[in-house]
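Peer 1: based on what follows, work out the 3D shape:
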Amino acid sequence: MNELEMLNLSVNWIFGINVSRQTIRFLRVEGRKAGNERIIYVVGKAIVMYYPKLNTQKYYVHHRQPVTVIEVGYHRKMVASA
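Peer 2: Next up, the predicted model:
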């Protein structure tokens, strides 16, 4: 059980960014799916997927150590982080 589960807290929005070439990716989408355009970046131990046209975020907060690299798969359907 992690600290958030023990305190019964939840995340609504993640602020901040760790900037380096390995920790930020811009995914541009052409045509009708332009609303799926997104920016994927790292904030400490969290991975944030921000949809600028929709002003929403999705995030993964289960890393135990700070994230140092993220990579997007060839077809842009998977993201790996370490």
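
Peer 1: which residues in this protein form helices?
Peer 2: 3-7 (DSSP state H).

Peer 1: give me the pLDDT for the residue nearest to the spatial centre of it.
Peer 2: Of all residues in the chain, the one closest to the mean position by CA atoms, centre = their mean is residue 48, 2.1 Å from it. If you check residue 48, the pLDDT there is 89.

Peer 1: so it sits right up against residue 67, yeah?
Peer 2: No - look at residue 48 against residue 67 with CB atoms under 8 Å: they stay out of range, at 10.3 Å. Any C-beta I mention is one placed from the backbone N, CA and C, and that applies to glycine too.

Peer 1: span of stretch 52-61 from start to end?
Peer 2: 20 Å (CA to CA, to the nearest Å).

Peer 1: nope, stretch 62-70 is what I was after
Peer 2: 14 Å.

Peer 1: give me the buried positions along that stretch.
Peer 2: 67, 70 (16 or more other CB atoms under 10 Å).

Peer 1: what average pLDDT does it get?
Peer 2: Stretch 62-70 comes out with an average pLDDT of 88.

Peer 1: residues in contact with it: which ones?
Peer 2: 2, 18, 22-25, 40-42, 44-47, 79-82 (CB atoms under 8 Å, 6 or more residues apart in numbering).

Peer 1: give me the buried subset of these.
Peer 2: By 16+ other CB under 10 Å, the contacts of stretch 62-70 give 23, 25, 40-42, 46-47, 79, 81 as buried.

Peer 1: quick one, which of the residues you listed has the minimum pLDDT?
Peer 2: Minimum pLDDT across the buried ones among the contacts of stretch 62-70 falls on residue 23, with 78.

Peer 1: no further queries at this time; thank you.
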